[in-house]
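# need coordinates for the below:
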Amino acid sequence: MADHRNKKNEFTFNEREVEIAVEMQRELTPVVDMLLYMLDKTQTKFTVITIKADYDDLYQFILNAKRDTDILKIIDNKFGIYSIVCQDTTVDGGYMFANRLVTTLTKDQDVKDITCVALEVRTNRYDVRDVIYKAFQLYINARHKSSLGEIKYHSL
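Numbering: from 1, shown residues only. Next up, the predicted model:
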């Protein structure tokens, strides 16, 4: 994916990236909304992991690897982009899970394109759209600036 942005326009996105943002909003809004409510009531943190890989059945691979309490959402099945919302998980736990996924995928010599980010949400100061936008922004930045197998993470 070519990055045609310069520093002045680093917050502009191409059409494909905007489509990803819209799908992330559509798929993640109900889950993030409920988990932010639960965070307010119970102080239960959560992590949003977004992963893209050129792998034949990434959905099934993640489904087999995730916990029962993790929520898997399809962002773009055609291009292999998925988000996993991990309840009661700090960025350390989310990072370890993401690392397990990426390590297993990179061992397969046919998998050449992997992007993975983890966003820990530990405060309810942000609204749903802000949380999802931050996850999207982290993902797009990683697509442009990460090396194979590198996991970007951030906490809110």
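
# residue boundaries of the helices in the chain?
Secondary structure of the chain by DSSP state H: the helices cover 15-42, 58-65, 91-107, 128-145.

# okay, those, which one's buried deepest?
helix 128-145 (a mean of 19; mean count of other C-beta atoms under 10 Å). (Glycine included, C-beta is placed from N, CA and C.)

# show me what that helix is packed against.
Judged by 3 or more C-beta pairs under 8 Å, 6 or more residues apart in numbering; DSSP states H and E, the packing partners of helix 128-145 are helix 15-42, strand 46-53, strand 114-121, strand 151-155.

# average pLDDT for it, rounded please.
Summarised as a single mean, pLDDT over helix 128-145 is 92.

# stretch 17-29 too?
The pLDDT scores in stretch 17-29 average 94.

# now the helices of the chain as TSV including distance to Ile75?
Listed next are the helices of the chain as TSV, based on distance: least, C-beta to C-beta, whole Å:
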stretch	distance to Ile75
helix 15-42	5
helix 58-65	11
helix 91-107	15
helix 128-145	9
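
# so for Ile51, which of those helices sits nearest?
Each of those has some distance to Ile51 by C-beta to C-beta; the shortest is helix 91-107, at 6.3 Å.

# run through who's touching that closest one.
Applying C-beta atoms under 8 Å, 6 or more residues apart in numbering, the set of residues contacting helix 91-107 from outside is 47, 49, 51, 53, 55, 61-62, 65-66, 70, 84, 86, 89, 111, 114, 116-120, 148-149, 151, 153-155.

# again, only this time at 7 Å
With contact meaning C-beta atoms under 7 Å, 6 or more residues apart in numbering, helix 91-107 is reached by 47, 49, 51, 53, 55, 62, 65, 86, 111, 114, 116, 118, 120, 148-149, 151, 153, 155.

# buried subset of these, written for ChimeraX?
Applying 16 or more other C-beta atoms under 10 Å to those, the buried members can be selected in ChimeraX as follows:
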select :47,49,51,53,55,62,86,111,114,116,118,120,151,153
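
# ok, the most centrally placed residue in the chain to Asp127 distance?
Taking C-alpha atoms, centre = their mean as the criterion, Thr50 is the residue nearest the geometric centre of the chain, at 1.7 Å. Note on Thr50: its distance to Asp127, by C-beta to C-beta, to the nearest Å, is 19 Å.

# now do Tyr95
Counting by C-beta to C-beta - Tyr95 and Asp127 are separated by 25 Å.
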